[in-house]
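# Dropping the sequence and predicted coords here.
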Amino acid sequence: MRFPLKSIGLVAGGMAVGFAISLQFSAIAQRVGGNALPLDELRQLSDVYALIKSDYVEPVDEKKLLSDAIAGMVASLDPHSVYLDKKAYRDMRESVQGRFVGIGIEVALEDGYVKVIAPIEDSPAFKAGIRPGDLITRVDGQSVKGLSLDEAVKRMRGEPKTRLTLTLARKGEDQPRVLPIQREEIQVKSVKSKIVEPGYGWLRVSQFQEKTLDDLARHLTQLYAQEPRLKGLVLDLRNDPGGLLPGAIGVAAAFLPQESEIVSTRGQMAESSQVFYGKPEYYALDGGADPLARLPAALKTVPMVVLVNGGSASASEIVAGALQDYKRATILGTQTFGKGSVQTLRQITPETAVKLTTARYYTPLGRAIQARGIVPDLLVDEAADGDPAAALRLREADLARHLGSEGGTADAKRDSLEQEMRAAAAERGRKLLDYGSADDFQLAQALRHLKGERVLVAAAAARARQP
């Protein structure tokens, strides 16, 4: 099964017809997609548009005004429906393709500055000698203090072959480092793996992209080449925000019996109500070769633990939910984000699109993921001394206008802006965790479980949000 970008002119067409009606006041009932257009409301829209054009304090760009009107209409539906203008559409495509133009670093905010988590191997940042833990204080001489992470990242993005200058503060060095770097197209690898102990492997999927399944197959083959008698495998989906549905179907299919049901969707349109199975036609993009065809047969039975947390969303929740329903793996960590809605991309022009929520996801046993998430089998905190910031982190159910688990939308349980600010403040004071390292408490507990040892659940169980 292919997942094409579908093209419709519903939104743009509706706007154009609306203005024609308001100007001509046609008595003919206009219809789009079988639904009558609300003529009075469209007349009001036209009146407001004309008022802004004639009376606003300064001239307004007509195209931007209409673009913002479309964006506002779509954004009013739910947190994940969005109008993608030219730049946003390009950025979205780069994300799912796993490539972008920049310097190649994974970053986070710390104390108001941009902290380097890791440079991407063979990237301009890697070659320039940027190290994990470096603080970026200036970009092209301008301070990043007080900028959001998105704003700081945008300053480092740009066109290929263009240059920028970073000012870095490094622990143990009194003087800042000033590094000139040239931007290049970066290929992001969404899969990492290693043998963490003799007999036990760790496989991390950080995002579901177009090349995720090819990378997954390569890493799993390498793990078995290093450790032919693998006794246990940890699949790490923490802070994986999701991505492409075929990638999630394929990752789950790699560990489940052949042709198992992975996920189903239900929505208003007939095409939105489907069942997806672990078959190549559902996960092999563009009808290509099956990337899972040559995986070791032992993958279907090797004992598994799946690590999740509040940052595990969408596609990663599909994988965790399927493996949990089939009792194929033990889910360990903290409750997932709860984004169980399907977004379909509808092109409006060759360079713009609408990402529209069209359905909800359900696990093989029919459990709704939306606004509920996946509750782990073993609730384990991020650290041995607990995780006080966990209760402050936003989940889907905290977002304004989020979809309910079965029907309609719901208001946020708490003030989303206040909650986000409190969470950000709590996060700034926390040490950034290096997943897969010797200090990774949840990974250590996953290994203990695979060995049949007692797991230290800490305080997570008392904070679990039941669906």
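Cool, the structure landed. Small disclaimer: the values here were computed from a predicted structure and weren't measured.
# make it CA atoms for all contacts and neighbour counts henceforth
Noted.
# In the protein, which helix is the longest?
If you go by DSSP state H, the chain has its longest helix at helix 39-55.
# looking only at pLDDT, what's the mean for that helix?
Helix 39-55 carries an average pLDDT of 91.
# Find out how far it is from the centre of the chain, if you would.
Here helix 39-55 is found 37 Å from its chain centre; the criterion is Cα atoms, centre = their mean, to the nearest Å.
# Report the angle between the following helix or strand past that helix and helix 39-55.
Following helix 39-55 in sequence order, the next helix or strand is helix 62-75 (DSSP states H and E). Inter-element angle recorded for helix 62-75 and helix 39-55: 140 degrees (by axes from the mean of the first three to the mean of the last three Cα atoms, to 10 degrees).
# next structured bit after helix 62-75?
Using DSSP H and E, the helix or strand that follows helix 62-75 in sequence is strand 82-84.
# following that next one, which helix or strand comes up?
Sequence order places helix 86-97 as the next helix or strand after strand 82-84, per DSSP H and E.
# Output that following helix as PDB, nothing but the C-alphas.
Provided in PDB are the C-alpha atoms of helix 86-97 (Å, rounded to 0.1, in the frame of the first residue of the first chain):
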ATOM      1  CA  LYS A  86       6.000  27.400   1.500                       C
ATOM      2  CA  LYS A  87       8.700  27.300   4.200                       C
ATOM      3  CA  ALA A  88       6.800  25.100   6.600                       C
ATOM      4  CA  TYR A  89       6.000  22.600   3.800                       C
ATOM      5  CA  ARG A  90       9.700  22.400   2.800                       C
ATOM      6  CA  ASP A  91      10.800  21.900   6.400                       C
ATOM      7  CA  MET A  92       8.200  19.200   6.900                       C
ATOM      8  CA  ARG A  93       9.400  17.300   3.800                       C
ATOM      9  CA  GLU A  94      13.100  17.600   5.000                       C
ATOM     10  CA  SER A  95      12.100  16.200   8.400                       C
ATOM     11  CA  VAL A  96      10.400  13.000   7.000                       C
ATOM     12  CA  GLN A  97      13.200  12.500   4.500                       C
END
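# the helices in the stretch 201-350 of the chain, which residues?
212-226, 245-255, 280-283, 315-325 (DSSP state H, counting those that start in this stretch).
# show me the contacts for the nearest residue to S143 once chain neighbours are set aside.
Closest residue in space to S143, ignoring its immediate chain neighbours: T137 at 5.8 Å, by Cα to Cα, 6 or more residues apart in numbering. Going by Cα atoms under 8 Å, 6 or more residues apart in numbering, T137 touches 113-114, 143-145, 166-169.
# Tell me which of the helices of the stretch 201-350 of the chain sits most buried.
Ranked by mean neighbour count under mean count of other Cα atoms under 10 Å, these are led by helix 315-325, which reaches a mean of 26.
# ok now it, how far from the chain's centre?
15 Å.
# Contacts for that helix, please.
For helix 315-325, contacts defined as Cα under 8 Å, 6+ apart pick out 208, 237, 240-245, 247-249, 251-252, 256, 262-263, 306, 308, 329-331, 336, 338-340, 361, 363-365, 369, 373-374.
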